[in-house]
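> Below are the sequence and a predicted model; questions follow.
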Amino acid sequence: MIDLSFLLLIYFLVTSTLEPKEADLGMTMPTTQSGSSAQVEIDQMTVEVNAAGHIVLNDEVLDTDPLTREVPLLLDRLKTYAESAKLTDSKPMVIIAADDAAKGQRFIDVLNALADKAVGINNVTITGFKEE
């Protein structure tokens, strides 16, 4: 009886499949050192001034009253953008597109918002307005 149990045990051990060892995943844990890791870059921002004088930032309408020179929503978004660029050690870049029918004063208001002390964005590109 003992011989039979040993034979069955050997039979099951030989015919069973062994699970393969877990493969090394090669995971790299994040560190606090920024020298060896890839640098995070932020995207550029697109500010449009349409014919009605509305300021559109990345397809979102912000300031719609062309009669007032204040652009508080644009200033708020630009401050946030400049701060996030500072945190990632990258330069913020803004593209301004103004419609030919837009008033020049509204374009100047956008430039003044970029030059505000709290914002301080110097990398500005001016392009033509494109309707999609």
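Nice, I can see it. Numbers count the residues shown, from 1 in each chain.
> Residue 82 reaches residue 122, doesn't it?
No. Here residue 82 does not reach residue 122: they are 10.3 Å apart, not a contact under C-beta atoms under 8 Å. Yep, even glycine has a C-beta here, placed from its N, CA and C like the rest.
> out of those two, which sits in the busier spot?
Counted by other C-beta atoms under 10 Å, residue 82 and residue 122 do not tie: residue 82 has more neighbours, with 20 against 11.
> what about the more buried one, which SS state?
Applying DSSP: H, G, I helix; E, B strand; the rest coil to residue 82 yields a three-state assignment of helix.
> per-residue confidence at residue 84?
With respect to pLDDT, residue 84 has a value of 89.
> I'd say it and residue 40 touch.
No. Taking contacts as C-beta under 8 Å, residue 84 lies outside contact range of residue 40: 9.6 Å.
> before we move on, which element is residue 75 in?
According to DSSP states H and E, residue 75 maps onto helix 72-87.
> and what of residue 48?
Per DSSP H and E: strand 45-49 holds residue 48.
> Check which helices and strands whichever helix or strand comes after that strand sits against.
Downstream of strand 45-49, the first helix or strand assigned by DSSP H and E is strand 55-57. Under the contact definition 3 or more C-beta pairs under 8 Å, 6 or more residues apart in numbering; DSSP states H and E, strand 55-57 sits against strand 45-49, helix 72-87, helix 104-114.
> ok, then the element right after strand 55-57?
Using DSSP H and E, the first helix or strand after strand 55-57 is strand 60-61.
> Please name the strands paired to that next one in the sheet, noting orientation.
strand 55-57 (antiparallel) (DSSP bridges).
> What residues of the strand it pairs with count as buried?
Neighbour-count burial for strand 55-57 flags 55, 56, 57 (criterion: 16 or more other C-beta atoms under 10 Å).
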